[in-house]
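Enquirer: 3D, please:
(one chain, ligands or ions: 1)
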Amino acid sequence: MRLRNIPGAGEVIAASPYVVQNPTEYKGKWHEIFNNTAPIYIEIGMGKGKFITTLAKNNPHVNYVGIELYSSVLLRAIQKIQEETIPNLKFLCVDARTLPDIFAPDEVDKIYLNFSDPWPKDRHAKRRLPSKEFLARYTQFLKPEGTIEFKTDNRALFDFAVEEAPLAGWVIREITYDLHHTPEMMENNVMTEYEEKFSSMGNPIHKYIIARD
Ligand code: SAM
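Expert: Residues are numbered from 1 along each chain as shown. Below you'll find the predicted structure:
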C-alpha cells in the first residue's frame, strides 16, 4: 500500500507520541520506552493500523509495535488514535530490513505479518516479508520460542511462505487455507483492513503460525 504523498505527514509523525523517532537508540532498551517488562509483539507492514491498535486496546499487558514503511500510510494510523491514549502501543516508520538494528537478540516475543505485499516477480522474491531472507532477519531479534503469525488471501504468496519457512529453519505449528471456517484458529482473530476487504469479496484467508525448529 502506498498512498499519495501527503504534505505535512512528516511533521505529524515527528510530533506524535506514538512514534519512536530514533529507534536504533533503543536497541536492547525497549522496556524503557514502555516502562515495564511485558512481552513485545510487533506487526511488520501494519498499513493503517487497525489490527495492532485493536490488539493493544484488548491486551493492555502486552506491548505492541507497529511498523510501516510509508509515512503517508502511518499518518492514517496516527490520525485514527490521536485523541486516545494507548500506553502499550508504539509505531515505527522504517523499512523492515533495518529491524535487526532496532531490536536486540531476544527482545521481541511475537511477529505478525498480515497481507504482506506479494512482489509477484521472481526476481523480487527476497522483498517478500515471509521470504527466507526476512525470516533470517527476524531470527536475530525474536526469542527462540517466539512465533510468527502470517495471514493473506494471496495463495501464491502463501504457498511461497510455506516453502520458505523450513529453508530458514522454521517449522509450521498451525496452518489453515480457510481461516474464517477454522474455529480453533479463529478464536480471538482480529481482522485487518485488507482481511475485511478481501474476505467480504469471498476470498478464503490463509494463515500459518511458525516457530523455530
Ligand atoms: N497489514 C495491513 C492489512 O492487512 O490491512 C496492510 C497490508 S498492505 C498490503 C502491506 C503494507 O506493508 C503496506 O502498507 C506497505 O507499505 C507495508 N510494507 C511493505 N514492505 C515493507 C517493509 N519492507 N517494511 C515496512 N513496511 C512494509
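
Enquirer: in the chain, which spans are strands?
Expert: Counting by DSSP state E, the chain has strands at residues 40-44, 63-67, 89-92, 108-114, 142-152, 170-176, 206-212.

Enquirer: touching the ligand at all, stretch 34-50?
Expert: Yes: against the ligand, stretch 34-50 shows contacts by CB under 6 Å from any ligand atom at Ile44, Gly45, Met46, Gly47. In short, each C-beta sits where N, CA and C put it, glycine included.

Enquirer: ok, the last one touching Lys197?
Expert: No: at 10.9 Å, Gly47 and Lys197 do not qualify as touching, with contact defined as CB atoms under 8 Å.

Enquirer: of these two, who's got more company?
Expert: Remark: of Gly47 and Lys197, Gly47 carries more neighbours, 22 against 13, as counted by other CB atoms under 10 Å.

Enquirer: ok, Ala14 - contacts?
Expert: Ala14 sits next to Gln21 when contact means CB atoms under 8 Å, 6 or more residues apart in numbering.

Enquirer: is stretch 66-76 up against the ligand anywhere?
Expert: Yes: on the criterion CB under 6 Å from any ligand atom, stretch 66-76 is in touch with the ligand at Ile67, Glu68, Leu69, Tyr70, Val73.

Enquirer: mean confidence for stretch 109-118?
Expert: For stretch 109-118, mean pLDDT is 98.

Enquirer: ok now that stretch, how far from the chain's centre?
Expert: Chain-centre distance of stretch 109-118: 4 Å, with CA atoms, centre = their mean, to the nearest Å.

Enquirer: now do it: distance from first to last residue.
Expert: 25 Å (CA to CA, to the nearest Å).

Enquirer: skip the chain neighbours and tell me the closest residue to Lys132.
Expert: Ala168 (4.0 Å; CB to CB, 6 or more residues apart in numbering).
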